[in-house]
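Asks: when you get a sec, could you give me coordinates for this:
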Amino acid sequence: MKLNKKMKKVVACVCSIVMVFAGMTGYQAKVSGAVPEDMIAIDNTRDLHKPEGTEWQLYFGGAGGTVGSGSFKGGTSLTDNFTLYVEQTSGSEWGIQVVTPQFSGMVPTVQYQYSIKFTASKAGTFYTKENVSNSKKTMQEYSEGENIVTGLFTASATNAVILMDMMDVESDTLFEFTEITIKDDFEEITTEAPTADAEGYEYTVSEEWRDTDPWQAFAGGKNSMKYKAGTVDATNLGLELEVLNNSGADWSLQARILKDKRAFGPLVKGNTYDVEFSYTSNKEGSLVFQIAGDNNDPITIEEGTHTITFQFISLQTDYPNIYMNLAGLPTGTKFSFNAKFNQEDETTPPEATTPSEETTPSEETTPSEETTPSEETTPSEETTPSEKTTPQVTTASGVKETTGAPEVKVTAPAQGKVTKVTSKKKSSSKVKLSFKKIRGAKGYQVAIYKAKKDADKNKKALVKKVVKKVKVTVKAKKLKGKKQLFVRVRAYVLDAGNKKLYGKWSKVKKITRK
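Replies: Okay, the predicted model is just below:
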């Protein structure tokens, strides 16, 4: 059959389309060819659950985080092989969790070793812990092919389950878990802690708290750092460190001062402290500075020497525990800091007099009889700035003179407002921001989060930055690869002591990137 030119073009076009679909079909078959056809898809809309057909528990992002996907087969008992296919992982901590069937017969306070034997189609990293006794999370690096990983825990109950956090598992990875055991008759390998080097630095020991005075340090798995204490006294904390290796897992690198060391404090219940956190770093990063169990916002670390301030209200009179989560400092970071706790002065100074008018100790008035320098009202009777009197002192001749300009009360600025956010590409590490200019503001603090709940709870900011202008570009490596970002801003003024007084955070503004 002869075809005219028009028909030939149509046939050629159809053939091209068929070839394209054939190529796509071949590619899809190649990607999923290693996955057994009889596997069961994992329900990623639910919290941790035990699907029908297995005794393992699975979680693939059902609590509202970035959802992963995968499938499973087997695992009807501890002796039945369990096959798991991680099709897509979110990469977020605890975003994918896999929990073994339950072991029984544990004896509380006895130390056990768990062992997991498995094969993997790709090399990678996951994290393990015994989840009944709430043991420490251990980083487990594995290779393509056969693997055995182990971990230790001290039992707090008669049962146990092993949890795996698949945060750093690569997508399209097939696992087959063939043997999982828990035993107490194992040979524990101990590593003698190295002594301080010539410069006075101490070195961390894997999975152990290194007990040095007063700072202690911890490194999980293959993470490590060296450190030495700077100034440590009742109101100052100092530390120098170098991160030798860091996987980035939360709390994998830590430093602490325990309250029984009595090296820092005591703090006074109800008092507000302005903390001056001065640091020097050769790399960008972040850390969490925890005082008496209270998590402050993560501190964004920039290159160079900087000082930031934040407030801490003591809820007890005590020597507090100090914990630092250093997992946000990348490998190779050389970092030193000093945190100075300045108590806010909320008392009224005594009336100024000349030496000839000063009372003797026996003539001193009781606290209830003391007056302020200008007989101002008490805080409950506080007047507006325009109504306040000028502070005065009495001279030797009895004449009252003014001591300077009237005292001005500083109020917090108005609530911030984000007016525009621009960042079109998910691959970009930059975000352009515009926000409403607040009258009287000396500057603004902008915070960017990966989840709205983090912004609402005032924690886990990817970036926090203080700026002077209302149109800025924020650049940080942590912004790269994030499909969604959540931004908020607040203004600040400076009080009489040149300290920042912040206004309310703005409403959270969402941006979606492609």
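
Asks: next up, the contacts around the spatially most central residue of the chain.
Replies: Centroid-nearest residue in the chain: K460, 4.8 Å away (criterion: Cα atoms, centre = their mean). Residues near K460 by Cβ atoms under 8 Å, 6 or more residues apart in numbering: P298, Y449, K450, A451, D454. Using the backbone N, CA and C atoms, a C-beta is placed for each residue, glycine as well.

Asks: excluding its backbone neighbours, what's nearest L58?
Replies: I42 (5.5 Å; Cβ to Cβ, 6 or more residues apart in numbering).

Asks: which residues touch the one you found?
Replies: Per Cβ under 8 Å, 6+ apart, neighbours of I42: P51, L58, F60, S69, G70, S71, F72.

Asks: from those residues, which two are the most distant?
Replies: Largest separation among the contacts of I42 by Cβ to Cβ: P51 and S69, giving 13.8 Å.

Asks: picking that back up, for the residue nearest to the centre of the chain, phi and psi?
Replies: Main-chain torsions, K460, degrees, to the nearest 10: phi 60, psi 40.

Asks: from here on, count from 249
Replies: Got it, the first residue is 249 from now on, which makes the last one we talked about K708.

Asks: just put the contacts of I290 in CSV and tack on distance to S677 and secondary structure.
Replies: Output for the contacts of I290, formatted as CSV (distance: Cβ to Cβ, whole Å; DSSP: H, G, I helix; E, B strand; the rest coil):
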residue, distance to S677, secondary structure
P299, 39, coil
L306, 34, strand
F308, 28, coil
S317, 27, strand
G318, 30, strand
S319, 34, strand
F320, 36, strand
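
Asks: now, which of these sits nearest W457?
Replies: Distances from W457 to the contacts of I290, taken by Cβ to Cβ, are shortest for L306, at 32.9 Å.

Asks: that closest one contacts V346, doesn't it?
Replies: Yes: between L306 and V346 there is a contact at 6.1 Å, judged by Cβ atoms under 8 Å.

Asks: quick one, which of those two is more surrounded?
Replies: Taking other Cβ atoms under 10 Å, L306 and V346 do not tie; V346 has more neighbours (27 against 22).

Asks: now do the same contact list for the more buried one.
Replies: Contacts of V346 (Cβ under 8 Å, 6+ apart): W304, Q305, L306, Y307, L332, L411, M412, M414.

Asks: where's the dip in pLDDT among those residues?
Replies: Within the contacts of V346, M414 has the lowest pLDDT, namely 87.

Asks: ramachandran coordinates for that one?
Replies: The phi/psi pair for M414 (degrees, to the nearest 10) is phi -90, psi 30.

Asks: just give me the neighbour total for it.
Replies: 26.

Asks: quick one: the residue nearest to the centre of the chain from S369, how far?
Replies: 32 Å (Cβ to Cβ, to the nearest Å).

Asks: what are the boundaries of the strands in the stretch 599-748 of the chain?
Replies: For the stretch 599-748 of the chain, the strands defined by DSSP state E, counting those that start in this stretch occupy 640-642, 648-650, 666-670, 678-683, 691-697, 711-715, 719-723, 732-742, 748-750.

Asks: quick revisit: nearest to G533 among the contacts of V346?
Replies: Distances from G533 to these, taken by Cβ to Cβ, are shortest for M414, at 24.5 Å.

Asks: surely the closest one meets F374?
Replies: Yes: if you go by Cβ under 8 Å, M414 and F374 touch, sitting 5.0 Å apart.

Asks: between the two, what contacts are shared?
Replies: By Cβ under 8 Å, 6+ apart, no residue touches both M414 and F374.

Asks: what about this protein, any weak spots by pLDDT?
Replies: By pLDDT under 70, the weakly predicted segments of the chain are 249-284, 310-314, 338-340, 435-444, 542-545, 592-658, 672, 745.

Asks: what ranges does it have for its helices?
Replies: 253-280, 700-704 (DSSP state H).

Asks: now what about the last one, what contacts it?
Replies: Outside helix 700-704, the residues within contact range by Cβ under 8 Å, 6+ apart are G312, A695, Y697, K708, A709, F734, R736, V756, K758.

Asks: the fifth one: how many residues sit nearby?
Replies: Spelled out, that is A709. 22.

Asks: for it, give me its contacts.
Replies: Taking Cβ under 8 Å, 6+ apart, one finds D545, P546, T548, A695, I696, Y697, D702, A703 in contact with A709.

Asks: please identify which of those is nearest to K674.
Replies: Using Cβ to Cβ, these come closest to K674 at I696, 14.1 Å.

Asks: what's across from the closest one in the sheet?
Replies: Listed by DSSP bridges, the beta-bridge partners for I696 are V711, V735.

Asks: pull the number of nearby residues for it.
Replies: Using other Cβ under 10 Å as the criterion, the residues surrounding I696 number 27.

Asks: got the contact list for it?
Replies: Applying Cβ under 8 Å, 6+ apart, the residues contacting I696 are V679, A709, L710, V711, K712, V722, A724, L727, L733, F734, V735.

Asks: and the two most separated of those?
Replies: The widest separation within those (Cβ to Cβ) is 14.4 Å, between A724 and F734.

Asks: and these two? which has more neighbours close in?
Replies: F734 (22 against 18).

Asks: re earlier: can I get the contacts of helix 700-704 in a markdown table with distance to A575?
Replies: Shown next, in a markdown table, are these (distance: Cβ to Cβ, whole Å):
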| residue | distance to A575 |
| --- | --- |
| G312 | 23 |
| A695 | 19 |
| Y697 | 18 |
| K708 | 12 |
| A709 | 15 |
| F734 | 22 |
| R736 | 24 |
| V756 | 25 |
| K758 | 27 |
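
Asks: good, wrapping up.
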